[in-house]
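J.: Whatever this is, show me its structure:
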Amino acid sequence: MACAPAWAASSEKRGSQTVLVVGDSLSAEYGLKRGSGWVALLAAQLAQRKSAATVVNASISGDTTSGGRSRLPPLLAQHQPAIVILELGGNDALRGLPLAMTRDNLGAMAQAAKAAGARVVVVGMQVPPNYGRQYGDEFAGLFAAVAKAQGAALVPFLLAGIADGPQAEAMFQADRIHPKEAAHPLMLANVWRVLDPLLR
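T.: Next comes the predicted model:
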């Protein structure tokens, strides 16, 4: 799958505070028009507020935590971010990968980002009920566990108010996996509550 829009990589300014987003299709505007995803909305919000922070979107549709782990070191070297947002793990669940692997990969990414001088935001995800309650609870819990172990900030659930809202079905594209454009401001709000204090 193609990587996220190039607009993000060109938004860096010398001396600014860079926010690096390493995610999957939920952050890579899958099925959306360019500039309508939550990461683009974040960049626009920061610009509107005349913030010194800029956004680099290094998200790739279909990416797993293993892919993100391998891609992160050169991204850290290139962009030298002040904040790294890790939005990965959903595709691990879809592929049935071991939870321990997902947890270890996210932990290693958080460690690498911290070693590079960045603060870390772990973005939590949940799976549909058909995965079973035990698996669902363990999957949702691993994000909080990584955040706690690494001293990272936590967005408990990126799709809070969307996947678990009263109009949940209407908020998703036909595949019932990827949110529609109307959901992305809510996704940004979920991230912003955690990110905003780190930008001050």
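
J.: Just checking, which helix or strand succeeds the longest strand anywhere in the chain along the chain?
T.: Scanning the chain for the strand with the most residues, using DSSP state E, yields strand 17-23. Once the chain leaves strand 17-23, the next helix or strand it forms, by DSSP states H and E, is helix 38-48.

J.: Neighbouring strands - and their directions - for the helix or strand following that next one?
T.: Using DSSP H and E, the helix or strand that follows helix 38-48 in sequence is strand 53-57. Strand 53-57 pairs in its sheet with strand 17-23 (parallel), by DSSP bridges.

J.: quick one, the partner strand and helix 38-48 angle?
T.: Strand 17-23 and helix 38-48 are oriented at 170 degrees to each other (axes from the mean of the first three to the mean of the last three C-alpha atoms, to 10 degrees).

J.: what residues does strand 17-23 touch?
T.: For strand 17-23, contacts defined as C-beta atoms under 8 Å, 6 or more residues apart in numbering pick out 8, 12, 27, 39, 42, 46, 51-59, 63, 68, 71-72, 75-76, 79-88, 109, 118, 123, 195, 199. C-beta here means a position set from N, CA and C on the backbone, and glycine is covered the same way.

J.: Average pLDDT for stretch 181-194, rounded please.
T.: Mean per-residue pLDDT for stretch 181-194: 98.

J.: Helices of this protein, start to end?
T.: In the chain, the segments counted as helices under DSSP state H are 38-48, 65-79, 90-94, 99-115, 133-150, 184-199.

J.: would you turn those into JSON lines with distance to Ile177 and mean neighbour count?
T.: Listed next are the helices of the chain as JSON lines, based on distance: least, C-beta to C-beta, whole Å; neighbours: other C-beta atoms under 10 Å:
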{"stretch": "helix 38-48", "distance to Ile177": "16", "mean neighbour count": "20"}
{"stretch": "helix 65-79", "distance to Ile177": "17", "mean neighbour count": "17"}
{"stretch": "helix 90-94", "distance to Ile177": "8", "mean neighbour count": "21"}
{"stretch": "helix 99-115", "distance to Ile177": "17", "mean neighbour count": "19"}
{"stretch": "helix 133-150", "distance to Ile177": "15", "mean neighbour count": "16"}
{"stretch": "helix 184-199", "distance to Ile177": "14", "mean neighbour count": "17"}
